[in-house]
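[1] Can you look at this prediction? I've put the sequence above it.
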Amino acid sequence: MGSLNDIGVAAGINILSAVGFLLVFAVVRIQPINDRVYFPKWYLKGTRSSPRHIGNVLSKFVNADVSTYLRFLNWMPAALKMPEPELIEHAGLDSAVYVRIYLLGLKIFVPITVLAFSVLVPVNWTSATLGDDEEGLSYDQIDKLSISNLGQGSKRFWVHIGMAYVFTFWTFYVLYHEYKVITTMRLHFLANQNRRPDQFTVLVRNIPADPDETVGEHVEHFFAVNHREHYLSHQVVYNANTLASLVEKKKGLQNWLVYYENQHAKNPEKELIIKTGLWGLWGEKVDALQHYKTTIEELCKQEDEERQKVISDPKAIMPAAFVSFNSQWGAAVCAQTQQTSNPTVWLTEWAPEPRDVYWPNLAIPFVELSVRRLIMAVALFFLTFFFMVPIALVQSVANLDDIERVLPFLKPIIERNGPRSVIQGFLPGIALKIFLIFLPTILMAMSKIEGHVSLSGLERRTASKYFLFIFVNVFLGSVVAGTAFQQLNSFIHQSTNKIPETIGESIPMKATFFITYIMVDGWAGIAAEVLRLKPLIMFHIKNTFLVRTEQDREQAMDPGSLEFGSTEPRIQLYFLLGLVYAVVTPIILPFIIVFFGLAYLVFRHQIINVYNQQYESGAQFWPGVHGRIVTALVISQILLIGLLSTQEAEQSTVALLPLPVLTIWFHYVCKGRFEPAYIKCPLQAGSKRILLISSPYITADDIHIVSNVKREQHLMFAGGHGEGHAATGKRPDAEPERVPQGRIRAPGLPQR
């Protein structure tokens, strides 16, 4: 068990690390050479350009304006200054709601911390039970601030029970209010945003085969009959992998052509010669401009041939299609109803927005989906429990007595106060963070195998898996394994009926380990996030050796995104720790508050200046966030009941039994009240947004919606990039033609 001295050393190390990262960031961000690393979002929006350089060459790299160094911390108030409506318009609702998770943590835990330190800490400290215990477990100063300091059957447990009710009801109030606010924000966002093709389009999967019709004809006949008043058009999904590779190859060659055209414009007299062999190191010497123009022309011809081949090949047509309607009401009716008596065919759901589609999973059959998800559930079970091994190793290393026993030659070093405090207070958190580095990537791959059709769906599913993993391994694993290693002697020499009591008494003792982890991950880790050390290094390497054109420079910026699937479950760990230890060991709460405050500041800055989200889901992830916080609340109550049951406080334990029941009831109230807004579209709202009333042609005001449908959601073979199994083509720049109602064709495809 770590002492207050160990925590002090760990706090000193992590505070110095965090302050160091923030100071370095504050200086590095104002250097002209790093402008694209720390403000990429503004460059992508086209509202920021490279800083002008006046004077010597050094000013291109170093900011010589002394006054800017005096204001080097102005990024902090700037990150908080932007109003929320402006933030939503600038970064999207997903980003704005994401940072509200950190604000939610402050709303919950600041009042809880004040109450806990005003009531529970004095009650725990004045009990003075542990000082008289000579043959029990190993205790330290922090345990005297926790519930462990109360004697068996103490009447003071009633104070903790009362505070458990207060904390629970306060959390209910904050969660309900936040759910209500965010639901209102979502509905307002959807009602007032520019009309998008996904608002009028439904994704249809598992289209049954018909011996007499192609997939496209089958789709058209089905929806023309069953949705005759609102059906507008459809586009089947094609397997265009070869075409996608040709498009990507052409893009690379076009980039080289732009580079050599720029070189020629700078020095028209210079002859541009390249070699056609591998990497341009050997082979025939040719004129660069003529070579790339000729090669691109040949690729364009190959694209046309491949496009026609895909269109004419029935095997390239997937049993999936995007079906567009002339009103949001018609799309809502289709997306939210079962189409036939067979629930395994004609599966409909709202189409993801164009950037959100994960094309490789569109054509997976219904039966195969079920098998894939079963296999991944089994794989997740084994991954979760096999990961207990490294967690047990972390907890073993965290106990220096075990290290001395295994490596006795280290005993003289470990017994010194300095090294002992550093290892006890810093090493366990670092080790656990290292073990978790590759986990999000593995879980995302598992989610893709499950067959989800949108990137946002993949992120939400990955977040659910990651939270389960964190709860079982990081939390329960650390408590159980750490307790077993830490109190090994007690476990061995006690009678069997005393072991549950030992575990119950030892659970509060793991607060020290979690405090060190919070400081490593939540203090130094968050401060390192704003520094963006890896993107900074990679940008300068690419800019020095690989950047040839503005397109290359734009790609080298690598703004990144929020990565909800990996970051949100980490936040949930802090909610879990705060709710579990609020009554048990309140000293952990200030460390959690520092995390939420620092993270809110840093991530607000990042979404304003750095992150460029891949998609916009309209805060569709919030029901999952709310559900996981409620789960953490139930877990905290069950653990508190288990803890008190070992303290000869049967009557007081019974008083806690209503809490989990009330919490589950609260969850279902919120679910019934708010969750439909994240799953379904109200038909009343859809009926107010009918686009096409009676005209046989689409009007000029509405043609851009149909154009976007064609450009963004449908498979387009007008020559462009694609990805995955169901590749999309390049977005055509030509003005859309006026198309008769009910007859929209994808650019480059023949109209029936």
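    All right, it came through fine. Numbering: from 1, shown residues only.

[2] Name the spans of the protein whose pLDDT lies under the cut-off.
    Low-confidence segments of the chain (pLDDT under 70): 1-3, 52-59, 128-141, 143, 279-280, 394-407, 409-427, 481-507, 649, 682-752.

[3] The same query, at a cut-off of 50, please.
    Along the chain, segments meeting pLDDT under 50 span 1, 132-138, 500, 690-752.

[4] Flag every buried residue along the helix or strand Val247 falls within.
    Using DSSP states H and E, Val247 maps to helix 241-266. Using 16 or more other C-beta atoms under 10 Å as the test for burial, helix 241-266 gives 241-244, 246-247, 250, 253, 255-261. C-betas here are computed from N, CA, C, even on glycine.

[5] Just list what whatever helix or strand comes next after that helix packs against, helices and strands only.
    Under the assignment DSSP H and E, the closest C-terminal helix or strand after helix 241-266 is strand 273-275. Strand 273-275 makes packing contacts with strand 285-287, helix 288-312 when contacts are defined by 3 or more C-beta pairs under 8 Å, 6 or more residues apart in numbering; DSSP states H and E.

[6] For Gly522, which of the ones you listed is the nearest?
    Minimum separation from Gly522 across the helices and strands packed on strand 273-275 (C-beta to C-beta) falls at helix 288-312, 50.1 Å.

[7] For that closest one, list every residue counted as buried.
    Across helix 288-312, burial judged by 16+ other C-beta under 10 Å covers Ala288, His291, Tyr292, Thr295, Ile296, Leu299, Glu303, Glu306, Arg307, Val310, Ile311.

[8] And the furthest pair within those?
    Top of the distance list for those (C-beta to C-beta): Ala288 and Ile311, 34.7 Å.

[9] Do you have the helices of the stretch 101-250 of the chain handy? List them.
    Ranges of helices within the stretch 101-250 of the chain are 121-125, 157-192, 215-226, 241-266, based on DSSP state H, counting those that start in this stretch.

[10] Reformat these into CSV and put distance to Leu278 next to each item.
    What follows is the helices of the stretch 101-250 of the chain, written out as CSV (distance: least, C-beta to C-beta, whole Å):
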stretch, distance to Leu278
helix 121-125, 70
helix 157-192, 51
helix 215-226, 42
helix 241-266, 15
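
[11] Which of those helices sits closest to Leu546?
    That would be helix 241-266 among the helices of the stretch 101-250 of the chain, by C-beta to C-beta, at 11.0 Å.

[12] Surely Leu577 and Ile518 touch.
    Yes. Counting by C-beta atoms under 8 Å, Leu577 does reach Ile518; the two are 7.2 Å apart.

[13] joint contacts of these two?
    The contact sets of Leu577 and Ile518 overlap at Ile588, Ile592 (C-beta atoms under 8 Å, 6 or more residues apart in numbering).

[14] Among these two, which residue is more densely surrounded?
    More crowded of Leu577 and Ile518, by other C-beta atoms under 10 Å: Leu577, with 27 against 24.

[15] In contact with the closest residue to that one other than its chain neighbours, which residues are there?
    Excluding the flanking residues, the one nearest Leu577 by C-beta to C-beta, 6 or more residues apart in numbering is Phe514, at 5.4 Å. By C-beta under 8 Å, 6+ apart, the contact set of Phe514 is Ser478, Leu577, Tyr581, Ile588.

[16] my read: the first one touches Phe513, true?
    Yes. Counting by C-beta under 8 Å, Ser478 does reach Phe513; the two are 6.1 Å apart.

[17] between those two, who's got more neighbours?
    Phe513 (24 against 21).

[18] re the thing from before, tabulate the contacts of Phe514 in TSV, adding columns for distance to Lys81.
    Formatted as TSV, the contacts of Phe514 follow (distance: C-beta to C-beta, whole Å):
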residue	distance to Lys81
Ser478	39
Leu577	31
Tyr581	34
Ile588	32
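
[19] Run a quick neighbour tally on the closest residue to Asp558 other than its chain neighbours.
    The shortest distance from Asp558 to any non-neighbouring residue, by C-beta to C-beta, 6+ apart, is to Pro535 (5.0 Å). Pro535 has 19 neighbours, counted by other C-beta under 10 Å.

[20] do the same with Pro354
    20.

[21] Next: Glu86.
    A count of neighbours around Glu86, defined by other C-beta under 10 Å, yields 12.

[22] what about it, distance to Ala96?
    Computed with C-beta to C-beta, to the nearest Å, the distance linking Glu86 and Ala96 is 10 Å.

[23] same check, this time on Val602
    Where Ala96 is concerned, Val602 sits at a distance of 15 Å (C-beta to C-beta).

[24] now His605
    14 Å.

[25] So which residue is dead centre in this structure?
    Phe564 (0.8 Å; C-alpha atoms, centre = their mean).

[26] Go ahead and list the helix or strand containing the residue nearest to Leu577.
    Here Phe514 is assigned to helix 511-517, by DSSP H and E.

[27] Just the element for the residue nearest to Asp558, please.
    helix 533-545.

[28] Only the buried residues of the first helix or strand past that helix going along the chain, if you could.
    The element immediately downstream of helix 533-545 (helix or strand, assigned by DSSP H and E) is helix 550-557. Applying a neighbour-count criterion of 16+ other C-beta under 10 Å, one finds Arg553, Ala556, Met557 buried in helix 550-557.
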